[in-house]
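S.K.: Quick check, what structure comes out for this input:
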Amino acid sequence: MLDLDEYQAALAALDWQVELGADEAILDAPVNRYEAAAEARAAAPEPTAPLPRPGPPPVPEPDHVAEAEAAARAASSLDGLRAAMAAFERCELKRGARNLVFCDGDPSARVMIVGEAPGRDEDLQGKPFVGRAGQFLDRMFAAIGLSRQDGSLYITNVLPWRPPRNRDPSDEEIAMMRPFLHRHIELADPDFLVVMGNISAMALLNRRGILRMRGIWSEALGRPALPMTHPAYLLRNTAAKRDAWADLLSLKARL
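M.R.: Residues are numbered from 1 along each chain as shown. Just a heads-up that it's a prediction; the model follows:
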């Protein structure tokens, strides 16, 4: 340990060196400052990346089919179902259509015909099967004594709105409107269903291929269902009218 005189002498020497500009202690051996810096960097902890800020929670995609099911179940009458369909905003077809095409004929009829989708004439009048194909349909069923005017037929479509340029409805559109169709059938409660065309077969029988299915009785919603080719197809393919006549006679025999 230094005595007081030695301490004061050392302090005076240090002050003198500071006045000369010395700002660092000099060791007996040289120091490699590059190596010291590298060692310091190696010893330093790795910088951690900042945690990302949590974003907003993902917004679930709306389930349009579930919304349609809820709206259809809530309808306790055909008038209520029509109102529910008119208020349903999820189907884009509604935006390009003039009218909601709901039904025609007598809801208490034993036979309910399910068509595909409205065309131009149906969109203008707000009734199913009123164009050229609809007029032919009337003649077909009149041949076995059935008519929408006398209370023996009730008619609706899978879709209540006309697709643009009469294109086929997409699978998504069919699925979205299927709950309303099922509820429509439950409320009307017919004895027999006539499934007109591929779109109707997809909606009620979950398969396509109407030319293979036609004339073969099936079941839809617990009711006998007869697939038939659409009148528009019969107008383009007159040779198929013979098969359609056989299907009509099969329906007449069931009645």
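
S.K.: what about His182, distance to Asn32?
M.R.: Separation of His182 from Asn32 (Cβ to Cβ, to the nearest Å): 85 Å. The way it works is simple: take the backbone N, C-alpha and C, and place the C-beta from them, glycine included.

S.K.: Same drill for these two, tell me which one is more crowded.
M.R.: His182 (17 against 9; other Cβ atoms under 10 Å).

S.K.: Show me what the strand or helix carrying the more buried one is packed up against.
M.R.: Assigned by DSSP states H and E, His182 belongs to helix 171-188. Judged by 3 or more Cβ pairs under 8 Å, 6 or more residues apart in numbering; DSSP states H and E, helix 171-188 is in contact with helix 64-74, helix 78-87, strand 111-115, strand 153-157, helix 198-205.

S.K.: How far does the third one sit from its chain's centre?
M.R.: Taking the mean C-alpha point of strand 111-115 and that of its whole chain, the gap between them comes to 25 Å (Cα atoms, centre = their mean, to the nearest Å).

S.K.: cool, the longest one as well?
M.R.: The chain centre lies 12 Å from the centre of helix 64-74; the measure is Cα atoms, centre = their mean.

S.K.: ranges for the helices of the stretch 101-250 of the chain?
M.R.: 120-125, 132-142, 171-188, 198-205, 210-213, 231-236, 241-254 (DSSP state H, counting those that start in this stretch).

S.K.: and Ala203, what does it touch?
M.R.: Applying Cβ atoms under 8 Å, 6 or more residues apart in numbering to Ala203 gives the contacts Val114, Val158, Ile174, Met177, Arg178, Leu181.

S.K.: wait, isn't the first one in contact with Val158?
M.R.: In this case it means Val114. Yes: counting by Cβ atoms under 8 Å, Val114 does reach Val158; the two are 6.5 Å apart.

S.K.: what touches both of these two?
M.R.: Leu181, Ser200, Ala203.

S.K.: Find the nearest non-adjacent residue to the last one, please.
M.R.: The shortest distance from Ala203 to any residue other than its chain neighbours is 4.5 Å, reached at Val158 (Cβ to Cβ, 6 or more residues apart in numbering).

S.K.: Is the one you found in contact with Asn198, as I believe?
M.R.: No: between Val158 and Asn198 there is no contact under Cβ under 8 Å: 10.3 Å.

S.K.: and for these two, which residues touch both?
M.R.: Joint contacts of Val158 and Asn198 (Cβ under 8 Å, 6+ apart) are Glu116.

S.K.: Tell me which of the two has more neighbours.
M.R.: Val158 (25 against 20).

S.K.: Who are the contact partners of that one?
M.R.: So Val158 contacts Val114, Gly115, Glu116, Ala117, Pro169, Ile174, Met177, Arg178, Leu181, Ile199, Ser200, Ala203 (Cβ under 8 Å, 6+ apart).

S.K.: Just confirm the fifth one contacts Gly115, I think it does.
M.R.: Think Pro169. No: in terms of Cβ under 8 Å, Pro169 does not count as a neighbour of Gly115; the distance is 11.7 Å.

S.K.: could the helices and strands packed on helix 171-188 be laid out in JSON lines, adding distance to Gly96 and mean pLDDT?
M.R.: Output for these, formatted as JSON lines (distance: least, Cβ to Cβ, whole Å; pLDDT from 0 to 100):
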{"stretch": "helix 64-74", "distance to Gly96": "17", "mean pLDDT": "96"}
{"stretch": "helix 78-87", "distance to Gly96": "15", "mean pLDDT": "98"}
{"stretch": "strand 111-115", "distance to Gly96": "19", "mean pLDDT": "98"}
{"stretch": "strand 153-157", "distance to Gly96": "16", "mean pLDDT": "98"}
{"stretch": "helix 198-205", "distance to Gly96": "18", "mean pLDDT": "97"}
